[in-house]
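Asker: I'd like to go over a predicted model; first the sequence, then the structure.
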Amino acid sequence: MASVKPEEKGIDLSITQDYKLAKDNELRFEVESNARVKLDLLEGSAEVFGTELVRSRSYIFESGAKIAVFTWFGCSVKLSGKVEASYVSKDTPMVIYLNTHAAVEQLRKSAEQDDIRGPRVLVVGAQDVGKTTVCRLLLNYAVRLGRKTTLIDIDVGQGGVSIPGSVGALTVERPADPVDGFDLKVPLVYHFGHTAPNGNIKLYETLISRLADVFNAKCDYNKQVKHSGCIINTCGWVKGQGYQCILHTAQSFEADVVLVLDSERLYNDLKRDLPDFVNVILQPKSPGVVERPREARRDNRENKIKEYFYGPRKIYFPHAFNIKFSEVEIYKIGAPSLPDSCLPLGMEPENTQTKLVQVTPGRDMTHHILSLSMAESLDENLIETNVAGFVVVTNVDPDNQVFSVLSPAPRPLPRKYFLIMDIRFIDINK
Ligand SMILES: Nc1ncnc2c1ncn2[C@@H]1O[C@H](COP(=O)(O)OP(=O)(O)OP(=O)(O)O)[C@@H](O)[C@H]1O
């Protein structure tokens, strides 16, 4: 019997299927839970969400992955392993997305000629309409033309640039890996602390403005980044305050193009409320986008956090160490506000959503994620300072005044100020 290569462990190689795709067709498949699937390009050319596949490599997708292999010119591919669903479809909006990319690229060319800032594209729509996928496509097509477009990710629910509960920016310098996505070694990340913007709207909007300022500053000293523009991925909250957040984002980044996926109502509202020079475009969602129930979203979030500590396919191990209470200071952003009835007559209630409140470590901190701020002193605005990374608290020992953490980096901690997240992570890898 032939021996199984280590990277193919867990793939049921007795189940294989070949697919011949005609031009403009797409093979969609989902990997069964607790299974792995291998994809091989046998002939022709194909791409996964805008990244070209090569014949010399097998692509191994993990449990739960939902993938589309699209071909512009025709190809044959082979899938090995247990797939939950797999089918070939002719019905894809890829040509529309490619045209959008071409139009945005024209704006980049004009920006380069006139040395002005390149297009800032905001991608909006309800949950599960393929916003993240469209952002990835547009970024991949841009980088394949040599652009250095920046991904701004404010989808705190799924964490595109770092873990859920954070927002960030990443200048994309090479196409996403078809399996592992974009290279996340050098993103700029800010602590938010919740999995939905309504966890703290004021803080969310403050961070969006901050990201816009930081991106503008980067555009001032890097012309390639300036001309290449940015793609902003948002979360699927499009009603009420969520809608106000979209307007705030468009305004902060001075978005030139807003791509509305699959919602005529949102499209019309934005047309009405955004200035005339903003190009609001309605685009269809791909019928291939998979709707994720609440549990699937939760699992996705957990996987993202696990990946942060253990790397993709658990190829790394986090460091475990103790931190003395006296070594660090931990803060929570947002204090409960006083009811109006407690305020002196005529006094406006203070907005306490961005107040820093020091936290005394206690057992209730166990499993919470802490963001390590890059701030060196409290004179720096902790809320608007980027973070070095995250640790998860695995145990708190008040008697000995220490707590234990898992961290992707070894001791010593580069800074001393932590911000605590609402988000918890229970490490079942131990
Ligand atoms: N054409 C396609 N074929 C198969 N799967 C797809 C396709 N497009 C997207 N998907 C999958 O559908 C899922 C949802 O897509 P995506 O994350 O882009 O949606 P979203 O609108 O950004 O979601 P959210 O509501 O979290 O913001 C992802 O797992 C993605 O891999």
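Answerer: Arrived safely.

Asker: use CA for all of it now, contacts and neighbours both
Answerer: Fine.

Asker: and the residue nearest to Val189 when sequence neighbours are not counted, what are its bridge partners?
Answerer: What sits nearest to Val189 in space, not counting adjacent residues and going by C-alpha to C-alpha, 6 or more residues apart in numbering, is Gly168, at 4.3 Å. Taking DSSP bridges as the rule, Gly168 bridges to Asp153, Val189.

Asker: Is it correct that Gly168 is in contact with Asp155?
Answerer: No: assessed by C-alpha atoms under 8 Å, Gly168 is found out of contact with Asp155, at 9.3 Å.

Asker: Give the rounded mean pLDDT of stretch 47-64.
Answerer: The average pLDDT within stretch 47-64 is 95.

Asker: ok, the residue nearest to Ala126 when sequence neighbours are not counted to Asp262 distance?
Answerer: Of all residues not flanking Ala126 in the chain, Gly236 sits nearest, at 4.2 Å (C-alpha to C-alpha, 6+ apart). Applying C-alpha to C-alpha, to the nearest Å, the value for Gly236 to Asp262 is 12 Å.

Asker: Which neighbours do these two have in common?
Answerer: Contact criterion C-alpha atoms under 8 Å, 6 or more residues apart in numbering; residues shared by Gly236 and Asp262: 125-126.

Asker: show me the contacts for Phe61.
Answerer: Contact partners of Phe61, counting by C-alpha under 8 Å, 6+ apart, are 31, 36-39, 179.

Asker: I'd like to know how far the closest residue to Thr171 other than its chain neighbours sits from Phe73.
Answerer: Of all residues not flanking Thr171 in the chain, Thr150 sits nearest, at 4.0 Å (C-alpha to C-alpha, 6+ apart). Thr150 sits 29 Å away from Phe73, going by C-alpha to C-alpha.

Asker: who has more neighbours, the two?
Answerer: Between Thr150 and Phe73, counted using other C-alpha atoms under 10 Å, Thr150 has the larger neighbour count: 21 against 13.

Asker: which residues in the stretch 151-300 of the chain form helices?
Answerer: Counting by DSSP state H, counting those that start in this stretch, the stretch 151-300 of the chain has helices at residues 201-221, 223-228, 241-253, 264-273, 294-310.

Asker: what's around Lys324, how many residues?
Answerer: Here the count is done by other C-alpha under 10 Å, and Lys324 has 13 residues near it.

Asker: The ligand contacts on this structure?
Answerer: For the chain, the contact set with the ligand under C-alpha under 6 Å from any ligand atom comprises 28, 66-68, 127-133, 158, 235-236, 286, 288-290.

Asker: which one's the longest strand in this structure?
Answerer: In the chain, assigned by DSSP state E, the strand with the most residues is strand 387-397.

Asker: between it and helix 294-310, how many degrees?
Answerer: Strand 387-397 and helix 294-310 meet at an angle of 100 degrees, taking axes from the mean of the first three to the mean of the last three C-alpha atoms, to 10 degrees as the criterion.

Asker: Tell me the strands beside strand 387-397, with direction?
Answerer: Next to strand 387-397 in the sheet, as set by DSSP bridges, lie strand 368-373 (antiparallel), strand 402-407 (antiparallel).

Asker: could the ones you listed go into CSV alongside mean neighbour count and mean pLDDT?
Answerer: Conversion of these to CSV gives the following (neighbours: other C-alpha atoms under 10 Å; pLDDT from 0 to 100):
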stretch, mean neighbour count, mean pLDDT
strand 368-373, 25, 98
strand 402-407, 21, 97
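
Asker: Quick one: closest of these to Tyr310.
Answerer: Nearest to Tyr310, of all those, is strand 402-407, at 9.7 Å by C-alpha to C-alpha.

Asker: Give me the residues contacting the closest one.
Answerer: By C-alpha under 8 Å, 6+ apart, the residues outside strand 402-407 that reach it are 309, 318-325, 361, 390-397.

Asker: by contact count, what packs against the helix or strand containing Val357?
Answerer: Assessed by DSSP states H and E, Val357 sits inside strand 356-359. Under the contact criterion of 3 or more C-alpha pairs under 8 Å, 6 or more residues apart in numbering; DSSP states H and E, strand 356-359 touches strand 329-333.

Asker: Could you tell me the angle between the strand it packs on and helix 201-221?
Answerer: With the same axes, to 10 degrees as the basis, strand 329-333 and helix 201-221 are set at 110 degrees to each other.

Asker: Output strand 329-333 as CSV, restricted to C-alpha atoms.
Answerer: Extracted in CSV, the C-alpha atoms of strand 329-333 (Å, rounded to 0.1, in the frame of the first residue of the first chain):
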residue,chain,number,x,y,z
GLU,A,329,-2.1,47.4,33.8
ILE,A,330,-5.3,46.2,32.4
TYR,A,331,-8.1,48.5,31.1
LYS,A,332,-11.5,48.1,29.8
ILE,A,333,-12.9,50.6,27.3
